[in-house]
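Just the structure for this:
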Amino acid sequence: MGTLQFVAKPDVGSIGCLPLSSNRGNFEMIYTVTLNPAVDRELTVPSMEWDTLLRSSQQRTDVGGKGFNVSRMVQRLGGKSVALGFVGGNAGKLLEDGMQQHGVATDFIWVSEESRINVSVVMAGGGRYFKVNERGPKIAPTEQAALIDKVLSLATPDDWCVLCGSLPPNVPDGIYANLITQLQMKGTRVVLDTSGEALRLGCAALPYLVTPNSSEAIELTKEFNLSVAAKLIYQSGPSHVVVTLGQNGAMLVDAQGVQVVTPPTVVEQNAIGAGDALVGGLVYSLEQGLSLDEALRWGVACGTVASRLEGTAFGDRATVRCMLSQLISGNSPDAPRIE
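Residues are numbered from 1 along each chain as shown. Just a heads-up that it's a prediction; the model follows:
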């Protein structure tokens, strides 16, 4: 993976960097783009043991993939979203049917290979788990081009586009950066939630917002102080950086400085998908015209509620609103103002 390159920040009035205080009103649509979605299979076991037969006491199947989860969270809050991406085979049909059952509109590119299936084994009572993800299907160049064309044809200057997740095996690392550049030329605001080289290249394309988790931020910057890591990512191009911190909430870094939102201590049932719920709540709130600081609170509330639920499940608007009053917001004491 290459190293981060620092860039000069464009004027906030430039395309893709409109100030939140401009109060443009409600936006038309939130599009999510998931290049490597999955059927998520969760098995609950009484204990974690190696080299023995474990019998599951509960099983559940959910539609998975970061962008799909973002769309589902938006829908739970009462927003409108269209899920875009690659799907294929019987697993792809399960994904399409599952999203429609959740009330989320879809507009997929169907590919020749089967969509992946991911398996989670979760210990009863919450706490320990492990998850095994398949790599996903290979995507033909014509299929990749068809998705890019679809995204660009749908998105308008009044829309948000959330680019999410890992890449299928043969999709180039620069595909998100390519989409960011073209979408923001149209005036669409872009949120990027990925990792590794795709994140580094995406940052250089100057997206409105990136949302790495703490591990992804450390991997990208080689910096273990998360305040410093977030600052380095901000300096590489994005207008705003939100680092998700798991049970510790999230940290926002931008030209205004550093803001941290911390949730109460909760008993986690399954943290898988909680970060996606955070992104969904964040983007929905921004689409509704809230400030970024307030949208971050909604995002952390959504993620915290999701972590308390079994499977890849998300809270409704009323439950999330109840969590808001329990959050603590403040400036990070060890992170200086970013110029």
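
Which parts of the stretch 101-250 of the chain are strands?
105-110, 116-123, 129-132, 160-164, 189-193, 209-210, 240-244, 250-254 (DSSP state E, counting those that start in this stretch).

now the ones you listed in JSON lines, with distance to residue 59 and mean neighbour count?
(Each C-beta comes from the backbone N, C-alpha and C, glycine too.) As requested, the strands of the stretch 101-250 of the chain are exported to JSON lines (distance: least, Cβ to Cβ, whole Å; neighbours: other Cβ atoms under 10 Å):
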{"stretch": "strand 105-110", "distance to residue 59": "25", "mean neighbour count": "17"}
{"stretch": "strand 116-123", "distance to residue 59": "11", "mean neighbour count": "19"}
{"stretch": "strand 129-132", "distance to residue 59": "14", "mean neighbour count": "13"}
{"stretch": "strand 160-164", "distance to residue 59": "26", "mean neighbour count": "27"}
{"stretch": "strand 189-193", "distance to residue 59": "28", "mean neighbour count": "27"}
{"stretch": "strand 209-210", "distance to residue 59": "35", "mean neighbour count": "26"}
{"stretch": "strand 240-244", "distance to residue 59": "28", "mean neighbour count": "25"}
{"stretch": "strand 250-254", "distance to residue 59": "31", "mean neighbour count": "24"}
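
Select from those strands the stretch with the lowest mean pLDDT.
Of all the strands of the stretch 101-250 of the chain, strand 129-132 carries the lowest average pLDDT, namely a mean of 86.

Report all helices and strands that it contacts.
With contacts defined as 3 or more Cβ pairs under 8 Å, 6 or more residues apart in numbering; DSSP states H and E, strand 129-132 has these neighbours: strand 116-123.

and the residue of the chain positioned farthest from its centre, how far is that from residue 282?
For the chain, the residue at maximal distance from the C-alpha centroid (Cα atoms, centre = their mean) is residue 52, at 35.4 Å. Distance of residue 52 to residue 282, computed by Cβ to Cβ, to the nearest Å: 42 Å.

for residue 165, same thing?
Applying Cβ to Cβ, the value for residue 165 to residue 282 is 16 Å.

Who has more neighbours out of the two?
residue 282 (30 against 27; other Cβ atoms under 10 Å).

what helix or strand is the more buried one on?
helix 274-287 (DSSP states H and E).

Could you give me the buried positions within the very next helix or strand once past that helix?
Once helix 274-287 ends, the next helix or strand along the chain (criterion: DSSP H and E) is helix 292-307. By 16 or more other Cβ atoms under 10 Å, the buried positions in helix 292-307 come out as 292, 294-307.

what's the closest of the residues you listed to residue 252?
Of all those, residue 296 has the smallest distance to residue 252: 5.2 Å, by Cβ to Cβ.

Is that closest one in contact with residue 242, as I believe?
Yes: the criterion here is Cβ atoms under 8 Å, and residue 296 meets it with residue 242 at 6.5 Å.

Quick check: which ranges of the stretch 1-150 of the chain have low pLDDT?
Along the stretch 1-150 of the chain, the parts satisfying pLDDT under 70 run over 8-27, 126-127.

where exactly do the helices run in it?
Using DSSP state H, counting those that start in this stretch, the helices of the stretch 1-150 of the chain run over residues 66-76, 89-101, 141-154.

Would you format these as CSV with distance to residue 227 and mean neighbour count included?
Output for the helices of the stretch 1-150 of the chain, formatted as CSV (distance: least, Cβ to Cβ, whole Å; neighbours: other Cβ under 10 Å):
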stretch, distance to residue 227, mean neighbour count
helix 66-76, 25, 29
helix 89-101, 37, 17
helix 141-154, 34, 15
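
CSV for those helices, including distance to residue 258?
Shown next, in CSV, are the helices of the stretch 1-150 of the chain (distance: least, Cβ to Cβ, whole Å):
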stretch, distance to residue 258
helix 66-76, 24
helix 89-101, 36
helix 141-154, 32
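
Which of those helices sits closest to residue 182?
Of all these, helix 141-154 comes closest under Cβ to Cβ, at 5.7 Å.

if I look at the closest residue to residue 158 other than its chain neighbours, how far off is residue 80?
What sits nearest to residue 158 in space, not counting adjacent residues and going by Cβ to Cβ, 6 or more residues apart in numbering, is residue 28, at 4.5 Å. For residue 28, the distance to residue 80 equals 8 Å [Cβ to Cβ].

and what of residue 135?
32 Å.

the more surrounded of those two?
Each of residue 135 and residue 80 has its neighbours counted (other Cβ under 10 Å); residue 80 has more, 16 against 11.

The closest residue to the more buried one other than its chain neighbours: neighbouring residues, count only.
What sits nearest to residue 80 in space, not counting adjacent residues and going by Cβ to Cβ, 6+ apart, is residue 29, at 5.9 Å. Residue 29 is flanked by 18 other residues according to other Cβ under 10 Å.

which stretch among the helices of the stretch 1-150 of the chain comes nearest residue 191?
Across those, closest to residue 191 is helix 66-76 (Cβ to Cβ), at 8.6 Å.

Who are the packing partners of the closest one?
Counting by 3+ Cβ pairs under 8 Å, 6+ apart, helix 66-76 packs on strand 30-34, strand 81-87, helix 89-101, strand 160-164, helix 274-287.
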